[in-house]
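Colleague: Need the 3D shape of this:
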Amino acid sequence: MKEPIKIYFAGELFDHKHLTGNAILASYINTLGAGKYEVILPQDSETSSERAEGIRNNDLKLLLESDLALFNFDGTDLDSGTVAEFMFAKMLDLPSVILRTDFRSAGDQRGIGDKWNLMCSFYPRTEALSIDAMKLYHDSHSHDSHSHDKDCGCEKLYPIDLFYNKIAGLLLKSFDKVRRRKSIFGGDVDKLNEAYSLAVSFPGGGLKKACGSAAKLRDLVDSKRRKGIY
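Modeller: Purely as a prediction, here's the structure:
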């Protein structure tokens, strides 16, 4: 069996809605993906007693080691930590999917572009998926609770299942699509190794030490190339 594609799940994790919502969506992605993808939840490796520097370094290390990233861009103003992680991922040219389920208008793109700040748009190897969560919620509840769902071919789905199956199914299509986009590194291994070396160095604060030796970083790049990420 092939090694699964590891997906870093970036988003807010400050209250019960964030924590449980993240975990539920991750479980549906893993289940529908049938072993193809494995979602990495940073909240599973964090504790409130950790030092701030350690939390940051651990999250960036998990992102660095992932093959693909999912960024939740909800709210009238994006979560600053998620934006920082997005920019880190783009430095490494990681295939990325942006998910927005917030139906509110936001951002500065005058209603004709993405519903967030334009400085977070137009990056390569990035797919944006916008879903009106309120509409999907009501559509899911309007189904008969034991009806057949045509989108996923599942039987006896309840509203919560319909809701998350739909989102996870659309995300899986986006993951497949963004992975087919060519890397800006064009297969240049030296440039890849240089980018990964710089990525662990420029944030400072002990990240380089946490990520290990240069040889370990080269092995990480090689493993991603074998998976077809680069």
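Colleague: Show me the shaky parts of the protein.
Modeller: Along the chain, segments meeting pLDDT under 70 span 1, 49, 144-157.
Colleague: Find the centremost residue of it, please.
Modeller: L70 (1.2 Å; CA atoms, centre = their mean).
Colleague: now for the strand or helix carrying that one, which elements pack on it?
Modeller: Per DSSP states H and E: L70 is located in strand 68-72. Strand 68-72 is packed against strand 5-10, helix 80-91, strand 96-100, helix 159-179, with contacts defined by 3 or more CB pairs under 8 Å, 6 or more residues apart in numbering; DSSP states H and E. Heads up, the C-betas are built off the backbone N, CA and C, glycines and all.
Colleague: possible to save those as a markdown table with distance to A215 and mean neighbour count?
Modeller: Below are the helices and strands packed on strand 68-72 laid out as a markdown table (distance: least, CB to CB, whole Å; neighbours: other CB atoms under 10 Å):
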| stretch | distance to A215 | mean neighbour count |
| --- | --- | --- |
| strand 5-10 | 20 | 24 |
| helix 80-91 | 21 | 17 |
| strand 96-100 | 27 | 24 |
| helix 159-179 | 27 | 18 |
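Colleague: got these as a markdown table, with distance to G107 columns?
Modeller: Converted to a markdown table, the helices and strands packed on strand 68-72 look like this (distance: least, CB to CB, whole Å):
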| stretch | distance to G107 |
| --- | --- |
| strand 5-10 | 18 |
| helix 80-91 | 12 |
| strand 96-100 | 10 |
| helix 159-179 | 20 |
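Colleague: now for those, which one comes closest to I24?
Modeller: Closest approach to I24 among the helices and strands packed on strand 68-72 (CB to CB): helix 159-179, 6.0 Å.
Colleague: Go ahead and measure how far the next helix-or-strand element following the closest one is from the middle of the chain.
Modeller: Using DSSP H and E, the helix or strand that follows helix 159-179 in sequence is helix 189-201. With CA atoms, centre = their mean, to the nearest Å as the basis, helix 189-201 stands 21 Å off its chain's centre.
Colleague: What of stretch 26-42?
Modeller: Taking CA atoms, centre = their mean, the mean C-alpha location of stretch 26-42 is offset from the chain mean by 11 Å.
Colleague: Between the two ends of that stretch, how far is it?
Modeller: Distance across stretch 26-42, first residue to last, is 11 Å (CA to CA, to the nearest Å).
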